[in-house]
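# From the sequence below, what's the structure:
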Amino acid sequence: MAPEKSTRRLGRGLDALFSAPEASRDMLTNDGGNLREIPIDQIASNPFQPRKNFKPQDLKELQESVETSGLLQPITVRPSPTNPKGYELIAGERRLRAVTNLGWKKISALVKDLTDQEILTLALIENLQRSDLNPVEEAEGYNQLINQFGHTQQTVATMVGKDRSTVANVLRILQLPQSVRQLLQEGHLTAGQARPLLGLDNEARISALAREIVTKGLSAREVERQVRLTGPDQPKSGKGRPKKTDSRPPEIRNLEQQLRKHFQTDVEIALKKGDRGAIVVSFYSPEDLERVLEIMGLTINPH
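Numbers count the residues shown, from 1 in each chain. As a prediction, the model looks like this:
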C-alpha cells in the first residue's frame, strides 16, 4: 500500500506543476502535433538532470528490451533555448542512450515548452517515482530548487509529494564530506547508515567511521551506537592541561551511568547550588531523537 500512496502523492505534484491534471496525458492525444520523430543528433542532454549515475547492467537490459520490442514510451524534450533547430532532453535519458547504442538515427519524442524550473521538477518526480535517484542526487535536486529557483522546503515538499521533514532530512546529507557522499552515490552506504554520522564534529572522524561502516557492514543502529560512544562533545586533549576531577557524589555518578544504559546515549547530570541541577540527554540524529522520546513514552507531534 505504501508505494501506491507515494505514487499518488507524486502525481499530485505533477498536477500542481502543469496546473491541470490531464495536461501531460493530453500531450499524447491532442492532434499529435507534439509527438515527433526527431534526429538523435539534434538532442542535447538535460542540464537539470538530477540523476548522474546510470547502472551499466540496467542500461544493457533496457537496450536488449528496446532491440526486441521497440521503444514503448517516447522521450520528452523541449525546444533548445540556445539552438533554434535543436532540442533539449527533459526525460528519458536511459531510453535515449539505449537507442543511441543501437545505432538509431531518430527517436519518438514529445515536445513540451517548459521552463528550467519545470524541467528540474519533472525530472525529479520522474526519477523519484522510479526510485532511480541515490540520496545525494535527490538532495542536490532539492537544493537546486531552493537555491536556484527560490523555493522553500515546504514548496519543494509539495511539488514532489513528500513531507517537509523528509525533504529537510534528505538535504542534511549534503553536509557530509565529499568522500562520504561518494560512498552514498556508489551505493556502498545507505542514507540510514549515513545520517547518524552528522552527529560527529569533524570531517576526519566522519570519514573514518564511514569507511568502518563499509568494511564491517555496520547497520544504521550500530552506527548510531558508534556515534554515541565517540560523541561530538568529548573534551579536546591538550598538553599540560590537567584532567578535570569529577567531584560529584558517587550516587550521582552511578545514577548517570544507569541513565546512559537506559537511554543508550550520553546522559549528564549537572549539579548546581541549592540542590538544583539538570539532566541532559543527548541525541545525534532525528531518528535518534525519536528513539529517545519513545523510551520516555513521548512522540513527536507534527502540529
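# Next, count neighbours for residue 270.
The number of residues packed near residue 270 is 12, by other C-beta atoms under 10 Å. For glycine as for every other residue, the C-beta is placed from the backbone atoms N, C-alpha and C.
# who touches it in this structure?
277-280 (C-beta atoms under 8 Å, 6 or more residues apart in numbering).
# try it again with 6 Å
Residues in contact with residue 270, defined by C-beta atoms under 6 Å, 6 or more residues apart in numbering, are 277-278.
# Going by residue numbers, what spans are strands in this protein?
35-39, 43-44, 75-79, 87-91, 106-111, 267-272, 276-281 (DSSP state E).
# Paired strands for the fourth one, with orientation please.
Going back to what we said before, that points to strand 87-91. strand 43-44 (parallel), strand 75-79 (antiparallel) (DSSP bridges).
# From residue 171, how far off is residue 140?
Note on residue 140: its distance to residue 171, by C-beta to C-beta, to the nearest Å, is 9 Å.
# Give me the common contacts of the two.
Residues touching both residue 140 and residue 171 (C-beta under 6 Å, 6+ apart): there are none.
# hmm, back to that, how about the strands of the chain, which one is nearest residue 184?
Proximity to residue 184 (C-beta to C-beta) singles out strand 87-91 among the strands of the chain, at 23.7 Å.
# what's that closest one in contact with?
42-46, 76-78, 80, 119, 126.
# Let's see the pLDDT reported for the spatially most distant residue from the centre of the chain.
Of all residues in the chain, residue 274 sits farthest from the chain's C-alpha centroid, using C-alpha atoms, centre = their mean; the distance is 48.7 Å. For residue 274, the pLDDT comes out at 80.
# How about residue 222?
We have a pLDDT of 86 for residue 222.
# State the number of residues packed around it.
The burial count for residue 222: 15, using other C-beta under 10 Å.
# ok, now how distant is it from residue 213?
Counting by C-beta to C-beta, the gap from residue 222 to residue 213 is 8 Å.
# now do residue 95
Where residue 213 is concerned, residue 95 sits at a distance of 35 Å (C-beta to C-beta).
# do residue 65 as well
Remark: distance between residue 65 and residue 213 (C-beta to C-beta) = 35 Å.
# More neighbours: these two, which one.
A side-by-side neighbour count of residue 65 and residue 213, using other C-beta under 10 Å, places residue 213 first with 24 against 13.
# where do the helices sit along this structure?
Shown for the chain, the helices assigned by DSSP state H span residues 2-18, 23-29, 56-69, 93-101, 116-129, 135-147, 153-160, 164-171, 178-185, 191-194, 203-216, 220-230, 250-263, 286-295.
# and the third one, what other elements does it pack with?
Spelled out, that is helix 56-69. helix 93-101 (3 or more C-beta pairs under 6 Å, 6 or more residues apart in numbering; DSSP states H and E).
# Which elements pack onto the helix it packs on?
Helix 93-101 sits against helix 56-69, with contacts defined as 3+ C-beta pairs under 6 Å, 6+ apart.
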